[in-house]
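Trainee: Predicted model and sequence follow; I will ask about them next.
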Amino acid sequence: MAEQQEMHTDLQHLQTILDSVSDGVFTVDNDMCITLFNRGAENITGFSRAEALGQPCCEIFRANACFDNCPLRHAIANGKNINNREVTILDRDNREIPISVNAAVLLNLEGEAIGGVETFRDLSQLRALNGEIRKKFSFQDMISRNHKMQQLFDIVPDVAESDVTVLLQGESGTGKELFARALHNLSTRKDHPMVVINCGALPEQLLEAEIFGVRKGAYTGATMDRQGRLATAEGGTLFLDEIGDLPLSLQVKLLRVMENREYQPLGSDDTKVADVRFITATHHDLAELVEQERFRRDLFYRLNIVTLKIPSLNERQEDVPLLLDISLERFCNKHGKKIHAFSSEAMELLLNHQYTGNIRELINIVERAVILCRGTQIESNHLPLNVEIPQTHKPSTPVRGAELKQLLLRFGGKRSEVAAHLGIDRTTLWRWLKKHHIE
Amino acid sequence: MNLSSVHIAIPCYEGRVSPRFDGPSTFCFFDVDRNSGDHTMKEQEACPQGKEVCDWLAQHQVEGVICSGIQREYQLKLDRVGIWFCCGISGPIAQAIKQWAQHRPQQALTAQD
């Protein structure tokens, strides 16, 4: 009798302890029916303890992962703990709540599984904070935490207003066209068209016809008068992408229209006047092309009034997690998928990858993964990356403050996990955080 | 629309009401007599995944859905195709339909409620 009383008291104490933590905690038996449900679980799910006890846990949690990828079922079946799995539950009021789940098997004295325990944390606030961060670092259709990009975001409105010719320089896939659109959208020409032409995509004669227009009979196949992109862009912006590939003969004609606003369509003697703003872009070093006499010096100076150098993705690696999240969200919406995160192994691969194709490559990798993924989490086998995951990832020098903040955000503020990720001990991490004044 | 009975659909798993409207691979269909509440299960059918399920239910001339959890997007979609829903119901299918047929709320929920 005394033993029973003691056990009852112990259980009461355990319940009090569990109720004092803000995380949700519940246990199940081998039939996956709930045997314990703390106050945190009540708060997050909206179901009372009385409603939950004895019910199949899937009928209380109503998570997207309940039937095909249940962390708790997995932990019980395999005897292995599941850590930080993100799933989305439906609370009592049918609100979708993102939670981070840890699950473990419960064993009796004989070592047999008698059920499982799951702890979970509401990620809504963290998600909201992420949203705020996104807002803070967004500019037009772009986002970046990188200081060079922030500087560009800062000057683009002034440059846009000035109506001068702008040269955008950056590797392929860095988002030159997005900058061109931002410059157009923020200019007084925003109500007129922005017309794009890739100077490297067409042979010389076709390119000339495409930019300046063509008179019927100018060349075989020119069966009618056709206006060029210059005329289409009247009052707006003409974005000449890959200007470094423009043939020398057309460079003269372009220089003339930039200086005098006058041009003649191909095969025509009529002089037309263009009211357009020119934005140009290249992945080449135009100064070098000038030295090689592949680009006219006078045109180079005409273009080089304001040059915006866009950093490659490898120069702004702190943006990779943010861009991955945004791309994931975008492609989930596009393809109607409910994928909430990258597994830590997939994330490791993505963070260590050298994106030679820049953001375009990152976006394509994520879209492919979203299409291939059938679960709620992108796994490494969904990625076309042949990079080996480093067994120990020990930075020889302290990582930068921005990276530390990003990692803290990624691991929900859990320092032990950040330290484990970096392959350092908690004391070293504490020292680095102190050095960067991170609370 | 049949004037004497209501055509009801319930998302199901293992003989129970599915915890999520978007979760199950099958729906059970019932005809419930409008006056007596007597009900008969008509069929159980595999359903399409995603929001197509709402159009699929409309094609089955379903008037109402009894379910447990249902996300806002599905509530709106059901509303758009003219199907009401009664959510927050869990447990065995037989019990769920019996209870609903007995009490038959005068007005079931729409997404605006």
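Mentor: Ah, there it is.
Trainee: and A:Asn146, how far is that from chain B?
Mentor: According to C-beta to the nearest C-beta, to the nearest Å, A:Asn146 stands 35 Å off from chain B. Backbone N, C-alpha and C define where each C-beta goes, glycine included.
Trainee: Confirm B:His7 sits in a strand?
Mentor: Yes - judged by DSSP: H, G, I helix; E, B strand; the rest coil, B:His7 forms part of a strand.
Trainee: I'd like to know the beta-bridge partner residues of it.
Mentor: Beta-bridge pairing of B:His7 under DSSP bridges involves B:Asp31.
Trainee: Count the neighbours of it for me.
Mentor: B:His7: 18 surrounding residues under other C-beta atoms under 10 Å in any protein chain shown.
Trainee: residue contacts, it?
Mentor: B:Phe29, B:Phe30, B:Asp31, B:Lys42, B:His60, B:Gln61, B:Val62, B:Glu63, B:Gly64 (C-beta atoms under 8 Å, 6 or more residues apart in numbering or on different chains).
Trainee: Just confirm the third one contacts B:His60, I think it does.
Mentor: Right, the one you point to is B:Asp31. No - between B:Asp31 and B:His60 there is no contact under C-beta atoms under 8 Å: 11.8 Å.
Trainee: residue ranges with poor pLDDT in chain B?
Mentor: Residue ranges of chain B with pLDDT under 70: B:1-3, B:104-113.
Trainee: Please, where are all the strands along it?
Mentor: B:5-13, B:16-17, B:26-33, B:39-46, B:64-66, B:84-86 (DSSP state E).
Trainee: Then the stretch 51-200 of chain A?
Mentor: Here the stretch 51-200 of chain A has its strands, by DSSP state E, counting those that start in this stretch, at A:82-90, A:96-107, A:113-122, A:138-139, A:142-143, A:166-169, A:194-198.
Trainee: highest average neighbour count across the ones you listed?
Mentor: strand A:166-169 (a mean of 23; mean count of other C-beta atoms under 10 Å in any protein chain shown).
Trainee: For it, name the packing helices and strands.
Mentor: Counting contacts by 3 or more C-beta pairs under 8 Å, 6 or more residues apart in numbering or on different chains; DSSP states H and E, strand A:166-169 packs against helix A:176-185, strand A:277-282, strand A:306-309.
Trainee: how about a cut-off of 10 Å?
Mentor: helix A:147-162, helix A:176-185, strand A:237-241, strand A:277-282, helix A:297-303, strand A:306-309 (3 or more C-beta pairs under 10 Å, 6 or more residues apart in numbering or on different chains; DSSP states H and E).
Trainee: can I get these in CSV with mean pLDDT and mean neighbour count?
Mentor: As requested, the helices and strands packed on strand A:166-169 are exported to CSV (pLDDT from 0 to 100; neighbours: other C-beta atoms under 10 Å in any protein chain shown):
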stretch, mean pLDDT, mean neighbour count
helix A:147-162, 94, 15
helix A:176-185, 95, 21
strand A:237-241, 95, 25
strand A:277-282, 96, 26
helix A:297-303, 93, 17
strand A:306-309, 94, 15
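Trainee: so which of the ones you listed gets nearest A:Ala231?
Mentor: Proximity of these to A:Ala231 was assessed by C-beta to C-beta; the nearest stretch is strand A:237-241, lying at 9.9 Å.
Trainee: Contacts only, for the residue in chain B that chain A sits nearest to.
Mentor: Per C-beta to the nearest C-beta, B:Gly69 is where chain B lies closest to chain A, at 3.6 Å. B:Gly69 is in contact with A:59-63, A:89-96, B:11, B:17-23, B:87-88, B:90, counting by C-beta atoms under 10 Å, 6 or more residues apart in numbering or on different chains.
Trainee: Just list whatever residues bridge to the residue nearest the centre of chain B.
Mentor: Central residue of chain B (C-alpha atoms, centre = their mean): B:Val65, 1.9 Å from the mean position. Here B:Val65 sits in beta bridges with B:Ala9, B:Phe85, as judged by DSSP bridges.
Trainee: which residues are in contact with both of B:Asp31 and B:His60?
Mentor: B:His7, B:Lys42.
Trainee: Turn the strands of the stretch 51-200 of chain A into TSV, including mean pLDDT and distance to B:Ala101.
Mentor: As requested, the strands of the stretch 51-200 of chain A are exported to TSV (pLDDT from 0 to 100; distance: least, C-beta to C-beta, whole Å):
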stretch	mean pLDDT	distance to B:Ala101
strand A:82-90	89	25
strand A:96-107	93	30
strand A:113-122	94	36
strand A:138-139	88	52
strand A:142-143	92	53
strand A:166-169	96	67
strand A:194-198	95	61
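Trainee: Turn those strands into JSON lines, including distance to A:Val25.
Mentor: Listed next are these as JSON lines, based on distance: least, C-beta to C-beta, whole Å:
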{"stretch": "strand A:82-90", "distance to A:Val25": "15"}
{"stretch": "strand A:96-107", "distance to A:Val25": "10"}
{"stretch": "strand A:113-122", "distance to A:Val25": "5"}
{"stretch": "strand A:138-139", "distance to A:Val25": "37"}
{"stretch": "strand A:142-143", "distance to A:Val25": "36"}
{"stretch": "strand A:166-169", "distance to A:Val25": "53"}
{"stretch": "strand A:194-198", "distance to A:Val25": "55"}
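Trainee: need the residues of chain B near chain A, please.
Mentor: By C-beta under 10 Å from any C-beta of the partner chain, the residues of chain B that approach chain A are B:13-14, B:16-25, B:49-52, B:67-75, B:87-88, B:90-91.
Trainee: Now A:Ala233: closest residue in space that isn't a chain neighbour?
Mentor: In space, A:Ala233 comes closest to A:Val195 once its chain neighbours are excluded; the distance is 3.9 Å by C-beta to C-beta, 6 or more residues apart in numbering or on different chains.
Trainee: likewise A:Asp319?
Mentor: In space, A:Asp319 is closest to A:Ser144, 5.1 Å off (C-beta to C-beta, 6+ apart).
Trainee: Where do the strands of the stretch 251-400 of chain A begin and end?
Mentor: Under DSSP E, counting those that start in this stretch, the stretch 251-400 of chain A gives strands at A:262-263, A:272-273, A:277-282, A:306-309, A:341-342, A:377-378.
Trainee: Could I get the full set of helices for the stretch 251-400 of chain A?
Mentor: For the stretch 251-400 of chain A, the helices defined by DSSP state H, counting those that start in this stretch cover A:286-291, A:297-303, A:320-335, A:344-352, A:358-372.
Trainee: and of those, who's closest to A:His437?
Mentor: Using C-beta to C-beta, the nearest of the helices of the stretch 251-400 of chain A to A:His437 is helix A:320-335, at 21.4 Å.
Trainee: Show me what the closest one is packed up against.
Mentor: By 3+ C-beta pairs under 10 Å, 6+ apart, helix A:320-335 packs against helix A:124-137, strand A:142-143, strand A:341-342, helix A:344-352, helix A:358-372, helix A:401-410.
Trainee: buried sites along that helix?
Mentor: A:Val320, A:Pro321, A:Leu322, A:Leu323, A:Leu324, A:Asp325, A:Ile326, A:Ser327, A:Leu328, A:Phe331, A:Cys332 (16 or more other C-beta atoms under 10 Å in any protein chain shown).
Trainee: Quote the end-to-end distance of stretch A:417-430.
Mentor: 13 Å (C-alpha to C-alpha, to the nearest Å).
Trainee: now it, how far from the centre of its chain.
Mentor: Chain-centre distance of stretch A:417-430: 25 Å, with C-alpha atoms, centre = their mean, to the nearest Å.
Trainee: pLDDT of that stretch, averaged?
Mentor: Mean pLDDT, stretch A:417-430: 73.
Trainee: Report the buried residues of it.
Mentor: Within stretch A:417-430, judged by 16+ other C-beta under 10 Å, the buried ones are A:Glu417, A:Val418, A:Ala419, A:His421, A:Leu422, A:Ile424, A:Leu429.
Trainee: Output those residues as JSON lines; include the columns distance to chain B.
Mentor: Output for the buried residues of stretch A:417-430, formatted as JSON lines (distance: C-beta to the nearest C-beta, whole Å):
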{"residue": "A:Glu417", "distance to chain B": "30"}
{"residue": "A:Val418", "distance to chain B": "33"}
{"residue": "A:Ala419", "distance to chain B": "37"}
{"residue": "A:His421", "distance to chain B": "33"}
{"residue": "A:Leu422", "distance to chain B": "38"}
{"residue": "A:Ile424", "distance to chain B": "41"}
{"residue": "A:Leu429", "distance to chain B": "39"}
